[in-house]
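Undergrad: got a structure for you, letters missing:
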């Protein structure tokens with residue numbers, strides 16, 4: 001085989017990239033000219049809208065003053081314990097905590113300081129009573 005024959009048999013390489021006219025630039029022009037507004041809202045609604053910054057809230061937060069009062073007046077430290085994780089019960093964990101003198105908090109514990117954190121239908125402190133919690137803006141943790 002000679003060099004001339006090899007040059008003739010080489011096929012052209014395929015073109016790479018986005019095909020012409022596929023529209024990245026055209027799509028940008030369309031969106032710039034179109035007014036984006038949520039459905040059902042008028043101009044007056046948009047003008048009177050005031051954005052509020054997102055403030056994260058810890059659903060397990062207990063007011064720092066209550067924690068301080070329990071630690072200094074009752075000589076107890078609060079600790080959260082999970083009875084189940086992803087629906088799977090954790091009896092070994094709870095039994096281990098109870099062997100080490102851990103106790104559940106009830107409505108009447110600590111003179112009722114934690115009563116606002118209980119749900120009406122539950123006798124133990126749960127993190128499910130989020131809407132009834134008085135410390136929604138609190139950043140205290142236990």
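TA: Alright, I've got the coordinates. Being a predicted model, the structure only gives us computed values, none of them experimental.
Undergrad: for the chain, give me the ranges with low pLDDT.
TA: 1-11, 22-35, 37, 124, 126-142 (pLDDT under 70).
Undergrad: if we go to 80?
TA: The chain contains residues with pLDDT under 80 at 1-15, 17-43, 46, 57-60, 119-142.
Undergrad: helices of that one, start to end?
TA: According to DSSP state H, the chain carries its helices in the segments 3-9, 24-33, 43-48, 64-73, 91-99.
Undergrad: other residues contacting the last one?
TA: If I follow you right, that is helix 91-99. Identification of contacts with helix 91-99 by C-beta atoms under 8 Å, 6 or more residues apart in numbering yields 79, 81, 82, 83. Where you see a C-beta, it was placed from the backbone N, CA and C, and this is true even at glycine.
Undergrad: can we see that at 7 Å?
TA: Contact with helix 91-99 is made by 81, 83, as judged by C-beta atoms under 7 Å, 6 or more residues apart in numbering.
Undergrad: now that helix: buried residues?
TA: residue 94 (16 or more other C-beta atoms under 10 Å).
Undergrad: again with the fourth one
TA: When burial is assessed from 16+ other C-beta under 10 Å, helix 64-73 yields the following buried residues: 66, 67, 70.
Undergrad: out of these, who's nearest residue 60?
TA: residue 67 (11.9 Å; C-beta to C-beta).
Undergrad: so how far is residue 113 from the closest one?
TA: 10 Å (C-beta to C-beta, to the nearest Å).
Undergrad: then residue 97?
TA: Using C-beta to C-beta, residue 97 is found at 21 Å from residue 113.
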